[in-house]
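> Structure, please.
(chains A and B)
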Amino acid sequence: MIDEKAHSAGLAAHGLIIMRLSASKLTVERGGRIVFSDLSFALDAGASLTVTGPNGAGKSTLLRALAGFLPLTGGTISLTPAADATLAEQAHYVGHTDALKSLLTVTENLAFLAAMLDAGHGGMDVEAALAKVGLSHAADLPVAYLSAGQKRRGALARLLVAQRPLWLLDEPMTALDIASQALMAQIMAAHLAQGGMIVAATHARLGLPGPELRLGAIA
Amino acid sequence: MKNAWNVPARRAERSPLFALFIRDMRLSRRIGGGTSLGVVFFLILVTVSAFAIGPDLALLGKIAPAILWISGLLATLLGLDRLFQADHEDGSLDLLLTSRTPLELIVLVKCLAHWILTGLPLAAAAPFFGLMLNLPANQLWSVTLSLLAGTPALTLTGAIGAALTVSLRRGGLLLAILILPLCVPVLIFGVAAAGAGQGSIVPFATPFLILCALTLIALAGAPFAAAFALRQTST
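Down below sits the predicted model:
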């Protein structure tokens, strides 16, 4: 429980309570095709945005654009108050791949990610995070031996070991069983309660309180 | 208000770059072979060249620096295509891009790990393989020193190619085609330094210092070029 206290103290220390993510008139083009255009939304601290839409509507593209992996054809994304870190450096991106090295153990993977992603902000320690996502028993197993759902839980554990205000989650519930889905919903709710922000693309029901952004299909 | 920095460290805090270095060393050890495979490949190339040239000891001793350098160059290319590709495929590269550590330094640390696992063992093994090629004893150290000074330039230049071909499935061949022409200056001065022993017109220092300069240029330029390429291809 000490860890959770430290977690919220860390967020508060960063003044994240008054954070705001705003995107205006976003247009992204991939391979000469406009994926979406003139997309605007704003997100306050403690709020979430669920991005839905049929396959190919641009959900993943939106998340990758927010993370700074894709150049914007038009529009602006800003995070206020302005910090010396870029938006990408304050965001956790969880994509379709789990970004775990299959030859390293779960603990080694997370210890690396904690060092790489957390700039001393005081995320949970690795054992606590693994206990939280229910992977303690597999902590010393190479990731190659884990099931798809366990790998996913390992990938989601990095949200806890490194502390960042904005979570960009692309189908976070993929391969998770019912119990893990409930657990993940609880972790996301705790993050929002501490003043974090979540943008999640999904087909499943995540149980996030925030508004829904529905992207249309491109014919 | 309780500050996060006042919370006692609950885990051994490590610098991001050191953690990356440890991870890359661990990964290459667990993939199997790693260091030894590069040296064995080097040995095979040297042996095959010796068989192809035949039992003319005088000729073999004369061209030994060139054989060692060409073999070293090819052995360095081995595994270079996976330098960033493995991270690209499993999504780790995306996370490295969201790190607060500059991508240029990340590239540099990955190159350092690659060089320690390939270039350094090659330089260490070179004098023994030189004996197999009837290399004059007084040139053994010059070959070793030239490989030690020159192979970092090969790794760093190769990193640019590895970054450019990161998203290509069969990028290895393209990488070799892109990189080998760029390695020609290193090869020229490397062989010149390695071959400079007793009785040669060129002193050892001249080509060796140019070789060091080439490595320093690669050290200064390659991380920026590779990081730029990685940022472009991540899209």
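
> Could you say which helix or strand holds B:Leu145?
Here B:Leu145 sits within helix B:137-164, counting by DSSP states H and E.

> How many residues are close by A:Lys25?
By other CB atoms under 10 Å in any protein chain shown, 12 other residues sit near A:Lys25. Using the backbone N, CA and C atoms, a C-beta is placed for each residue, glycine as well.

> Which residue comes closest to it once chain neighbours are left out?
If the residues on either side of it in the chain are set aside, A:Lys25 comes closest to A:Gly75, at 4.0 Å by CB to CB, 6 or more residues apart in numbering or on different chains.

> Next SSE downstream of the helix or strand hosting that neighbour?
Using DSSP H and E, the element containing A:Gly75 is strand A:74-80. Proceeding C-terminally, strand A:74-80 gives way to strand A:91-94 as the next helix or strand, assigned by DSSP H and E.

> That following strand - what's its average pLDDT?
Across strand A:91-94, pLDDT averages out at 92.

> ok, the next helix or strand after that strand near chain B or not?
Counting by DSSP H and E, the element after strand A:91-94 in chain order, helix or strand, is helix A:106-117. Yes. Helix A:106-117 reaches chain B (CB under 8 Å from any CB of the partner chain) through A:Glu108, A:Ala111, A:Phe112, A:Leu113, A:Ala114, A:Ala115, A:Met116, A:Leu117.

> could I get helix A:106-117 in PDB with only the CA atoms?
Provided in PDB are the C-alpha atoms of helix A:106-117 (Å, rounded to 0.1, in the frame of the first residue of the first chain):
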ATOM      1  CA  VAL A 106       9.700 -10.900 -16.700                       C
ATOM      2  CA  THR A 107      11.600  -9.200 -13.900                       C
ATOM      3  CA  GLU A 108      14.600  -8.400 -16.200                       C
ATOM      4  CA  ASN A 109      12.200  -6.900 -18.800                       C
ATOM      5  CA  LEU A 110      10.400  -4.700 -16.300                       C
ATOM      6  CA  ALA A 111      13.600  -3.600 -14.500                       C
ATOM      7  CA  PHE A 112      14.900  -2.500 -17.800                       C
ATOM      8  CA  LEU A 113      11.700  -0.700 -18.700                       C
ATOM      9  CA  ALA A 114      11.500   1.000 -15.300                       C
ATOM     10  CA  ALA A 115      15.100   2.300 -15.800                       C
ATOM     11  CA  MET A 116      14.400   3.400 -19.400                       C
ATOM     12  CA  LEU A 117      11.000   5.000 -19.000                       C
END
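
> Who are the packing partners of that helix?
helix A:126-132, helix A:148-156, helix A:158-161, helix B:16-31, helix B:92-97 (3 or more CB pairs under 8 Å, 6 or more residues apart in numbering or on different chains; DSSP states H and E).

> Give me whichever of those helices is most buried.
Neighbour counts (mean count of other CB atoms under 10 Å in any protein chain shown) averaged over each of those peak at helix A:158-161, with a mean of 26.

> Return the list of helices and strands in contact with it.
Here helix A:158-161 touches strand A:91-94, helix A:106-117, helix A:126-132, helix A:178-193, going by 3+ CB pairs under 8 Å, 6+ apart.

> 6 Å instead, please
helix A:106-117, helix A:126-132 (3 or more CB pairs under 6 Å, 6 or more residues apart in numbering or on different chains; DSSP states H and E).

> any idea of the mean pLDDT in the longest one?
Looking back up the chat, that one is helix A:106-117. pLDDT averaged over helix A:106-117 gives 91.

> Measure how it sits relative to helix B:16-31, angle-wise.
If you take axes from the mean of the first three to the mean of the last three CA atoms, to 10 degrees, helix A:106-117 sits at 150 degrees to helix B:16-31.

> tell me the strands in chain B, going along the chain?
In chain B, no strands are found when defined by DSSP state E.

> Am I right that A:Glu212 is in contact with A:Val51?
No. The pair A:Glu212 / A:Val51 is not scored as a contact, 7.8 Å apart, by CB atoms under 6 Å.

> Tell me how far the closest residue to B:Leu112 other than its chain neighbours lies from chain A.
Distances taken as CB to CB, 6+ apart put B:Phe21 closest to B:Leu112, at 6.8 Å, once the chain neighbours are dropped. Per CB to the nearest CB, to the nearest Å, B:Phe21 is found 10 Å from chain A.

> Would you agree B:Phe21 is in contact with B:Leu108?
No. Counting by CB under 6 Å, B:Phe21 stays clear of B:Leu108, with 10.2 Å between them.

> what about the chain, any weak spots by pLDDT?
Defaulting to chain A. Chain A contains residues with pLDDT under 70 at A:1-18, A:119-121, A:217-219.

> Hmm, no, I was thinking of chain B.
Ranges of chain B meeting pLDDT under 70: B:1-13, B:32-35, B:197-200, B:234-235.
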